[in-house]
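Colleague: Got a sequence here, can you build the structure:
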Amino acid sequence: MTSRLTKVTLGLLCMAGLAACAGQDRLPPVVAARTVSADAQDYLLGPGDKLNVFVYRAPELSANGLPIRPDGRVSLPLVPDIEAAGRTPSQLARQIEARLKEYVLEPNVTVMVQSFEGAPDRQIRVIGEAAQPMGMPYREGQTVLDVMISARGLTRYAAGNRAEIIRRGAPGQPAQVIPVRLSDLLRD
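Modeller: Residues are numbered from 1 along each chain as shown. The predicted model follows:
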């Protein structure tokens with residue numbers, strides 16, 4: 001997949017916030033972007049995602065609410081420790097089918113994502129003086145305003161007009177810093 005990489009700026013990945021200490025200078029929120037492949041429409045599984053794995057005509061091999069562990073693997077009956085992170089649901093289904101062929105005649109597997117967290121480099125983190133600090137998966141076309149609505153805005157201690165968007169490129173390259181006036185954006 002690395003050979004097919006074209007640098008495309010996706011959007012927000014990290015929103016860091018403001019210091020809540022009264023009397024101290026308040027730090028602005030930060031939003032970071034990352035470059036990923038142009039094939040961004042294909043959802044890649046990541047740690048924390050929950051899957052429903054359906055094995056046709058073998059309910060005892062199926063699993064609902066199966067979490068992808070922090071090491072990126074999942075375990076199913078007869079298929080222990082299979083790498084899930086970094087694959088699409090279809091790719092994981094084909095991999096499970098290949099491993100089940102040893103036990104099941106012509107297995108047919110479907111993998112459905114029940115809840116999304118996504119790969120760490122495709123997540124947005126909202127921390128600091130957001131009303132509701134959180135982590136969320138990045139969605140194509142998502143804006144700073146969308147993220148702030150999900151985080152329920154800023155607290156009264158936030159210096160939102162000193163926020164910055166930080167776009168991260170390839171490792172080792174300097175980040176691009178763009179000032180954002182979050183307080184004004186939320187009011188207007």
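Colleague: Ignoring the adjacent residues along the chain, who's closest to Ser183?
Modeller: In space, not counting the residues next to it along the chain, Ser183 is nearest to Gly160; the distance is 3.5 Å by Cβ to Cβ, 6 or more residues apart in numbering. Placement of C-beta: from N, CA and C, glycine included.
Colleague: ditto for Ala158
Modeller: In space, and not counting its chain neighbours, Ala158 is closest to Glu129: 3.7 Å by Cβ to Cβ, 6+ apart.
Colleague: what does Asp81 give?
Modeller: Nearest-residue entry for Asp81: Arg73, 5.0 Å, with adjacent residues in sequence omitted and distances by Cβ to Cβ, 6+ apart.
Colleague: State the distance from Gly65 to Pro59.
Modeller: Using Cβ to Cβ, to the nearest Å, one obtains 15 Å as the distance from Gly65 to Pro59.
Colleague: And Gln123, how far from Ile166?
Modeller: To Ile166, Gln123 is 15 Å away according to Cβ to Cβ.
Colleague: likewise Ala93?
Modeller: Look at Ala93 and Ile166: by Cβ to Cβ, they are 36 Å apart.
Colleague: The two: who's more crowded?
Modeller: Taking Ala93 and Ile166 together and counting by other Cβ atoms under 10 Å, Ala93 has the greater number of neighbours (21 against 18).
Colleague: quick one, strands of this protein?
Modeller: Read by DSSP state E, the chain holds these strands, from start to end of the chain: 8-9, 14-16, 30-33, 35-36, 50-55, 63-67, 73-76, 79-83, 109-115, 123-126, 134-137, 163-167, 176-180.
Colleague: In a markdown table: those, plus distance to Ala151.
Modeller: Supplementary listing: the strands of the chain in a markdown table, determined by distance: least, Cβ to Cβ, whole Å:
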| stretch | distance to Ala151 |
| --- | --- |
| strand 8-9 | 21 |
| strand 14-16 | 7 |
| strand 30-33 | 11 |
| strand 35-36 | 23 |
| strand 50-55 | 22 |
| strand 63-67 | 24 |
| strand 73-76 | 30 |
| strand 79-83 | 32 |
| strand 109-115 | 19 |
| strand 123-126 | 4 |
| strand 134-137 | 6 |
| strand 163-167 | 12 |
| strand 176-180 | 14 |
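Colleague: looking at those, which one has the lowest mean pLDDT?
Modeller: Between the strands of the chain, the lowest average pLDDT goes to strand 8-9, which shows a mean of 26.
Colleague: which residues in this protein form helices?
Modeller: Here the chain has its helices, by DSSP state H, at 89-100, 144-150, 182-187.
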